[in-house]
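Undergrad: Got a predicted structure plus its sequence, pasted below:
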Amino acid sequence: MALPGKEIYRTFDEHGPIQVFDDGNKRYLGFGSGDEQSCLMKTEPQLLLHEYARSMMLVLLFHTPKNVTFLGLGGGSLVSSIYHHFPSTYLQVIELRQAVVDTAYRFFQLPRDERVDIQVKDAGRYLRKAKPGSSDLIFCDLYGPEGLDEQQLEPAFIERCHDLLSDDGWLVLNCWQNHRGEAEGLRSIMDWFPETKVCTVPGGNWTILAGKRPSQLSQKKLEDRAKSLSETLGFSLFSQLKRLEDYSF
């Protein structure tokens, strides 16, 4: 599947190609597989366009973070959204590929600010040395040319994410629906996180939201928060909220 628009940039590193396409209004990031890794509205870089990215923002109904960790950058759409809408939040970004960081700065309006700290390293290696309890929220979106980075659902990786989070922190994972069969990793999430919810996204993505403390929010309260947050983010969260459900084996 070809990405929309005209290819305006291509580079390579040891992991494969990195491509940028432009159709006049939007920019698209690809890693050579034909799948969109990121999509940017050039006039509104903070606006999330992908359904899976919007579903990941459901976590903000449960927790307003001060410190956010992003495992995987892509074009930086999630980073730009949190940066723009939550100006008192500190953002830690871990990205494996320097060329992806350079591309996000050059073509996708990734914010250059002291609030945004970017480290180029493997996410698993970062988690092994990160300070416990130092992040309120983790967005985990580790994809490359071959698809999902499989460490994202390994029990040891999940445990380290748990350790990195503050006492009421949340972990958000962007997966595919076929990962419903990853019993060991999913059981590990439920072992470490007493609150586990999932959202099935049209197009094949499957978002997992896992909290270290059970949520006491009623459906009415979630809907009230979704209305307010939708106004902040510039898109409605209600279609995603309708698909959000408790997860169990």
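TA: Here it is on my side, so go on.
Undergrad: Okay, now the unreliable bits of this protein?
TA: Where the chain drops to pLDDT under 70, the residues are 1, 34, 144-145, 249.
Undergrad: Longest strand of it, counting residues only.
TA: If you go by DSSP state E, the chain has its longest strand at strand 165-176.
Undergrad: Show me what counts as buried in that one.
TA: Using 16 or more other C-beta atoms under 10 Å as the test for burial, strand 165-176 gives L165, S166, G169, W170, L171, V172, L173, N174, C175, W176. Every C-beta, even on glycine, is put in place using the N, C-alpha and C of the backbone.
Undergrad: V201 is in contact with A53, isn't it?
TA: No: the pair V201 / A53 is not scored as a contact, 9.4 Å apart, by C-beta atoms under 8 Å.
Undergrad: My read is that L127 contacts E154, right?
TA: No: look at L127 against E154 with C-beta under 8 Å: they stay out of range, at 10.9 Å.
Undergrad: quick one, which of those two is more surrounded?
TA: L127 (22 against 16; other C-beta atoms under 10 Å).
Undergrad: and the more buried one, what element?
TA: L127 belongs to helix 123-129 when assigned by DSSP states H and E.
Undergrad: next SSE after that helix?
TA: Trace forward from helix 123-129 with DSSP H and E and the next one is strand 135-140.
Undergrad: Tell me which residues are up against the longest helix along the chain.
TA: The residue-count maximum for a helix in the chain (DSSP state H) belongs to helix 219-233. Helix 219-233 has contacts (C-beta atoms under 8 Å, 6 or more residues apart in numbering) with 47-48, 54, 57, 60-61, 81, 85, 217, 236-238, 241.
Undergrad: and I18, what does it touch?
TA: Shown in contact with I18 (C-beta under 8 Å, 6+ apart): R10, T11, F12, L29, G30, F31, G32, R97, A99, V100, T103.
Undergrad: among these, which ones are buried?
TA: L29, G30, F31, R97, A99, V100, T103.
Undergrad: Using a markdown table, lay out those together with secondary structure and distance to D22.
TA: Below are those laid out as a markdown table (DSSP: H, G, I helix; E, B strand; the rest coil; distance: C-beta to C-beta, whole Å):
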| residue | secondary structure | distance to D22 |
| --- | --- | --- |
| L29 | strand | 11 |
| G30 | strand | 12 |
| F31 | coil | 17 |
| R97 | coil | 21 |
| A99 | helix | 18 |
| V100 | helix | 17 |
| T103 | helix | 13 |
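Undergrad: What strands line up against the host helix or strand of E245, and which way round?
TA: Assigned by DSSP H and E, E245 belongs to strand 244-246. Counting by DSSP bridges, the strands paired with strand 244-246 are strand 195-200 (antiparallel).
Undergrad: looking at it, N67 is touching Q92, isn't it?
TA: Yes: under the criterion of C-beta under 8 Å, N67 makes contact with Q92 at 7.0 Å.
Undergrad: Name the residues contacting each of the two.
TA: Taking C-beta under 8 Å, 6+ apart as the contact rule, the neighbours common to N67 and Q92 are S135.
Undergrad: between those two, which one's more packed in?
TA: More crowded of N67 and Q92, by other C-beta under 10 Å: Q92, with 21 against 18.
Undergrad: hey, what's that one bridged with?
TA: Bridge pairing for Q92 - DSSP bridges - gives T69, D117.
Undergrad: For D117, see how far away it is.
TA: Distance, Q92 to D117, using C-beta to C-beta, to the nearest Å: 5 Å.
Undergrad: And for K129?
TA: To D117, K129 is 15 Å away according to C-beta to C-beta.
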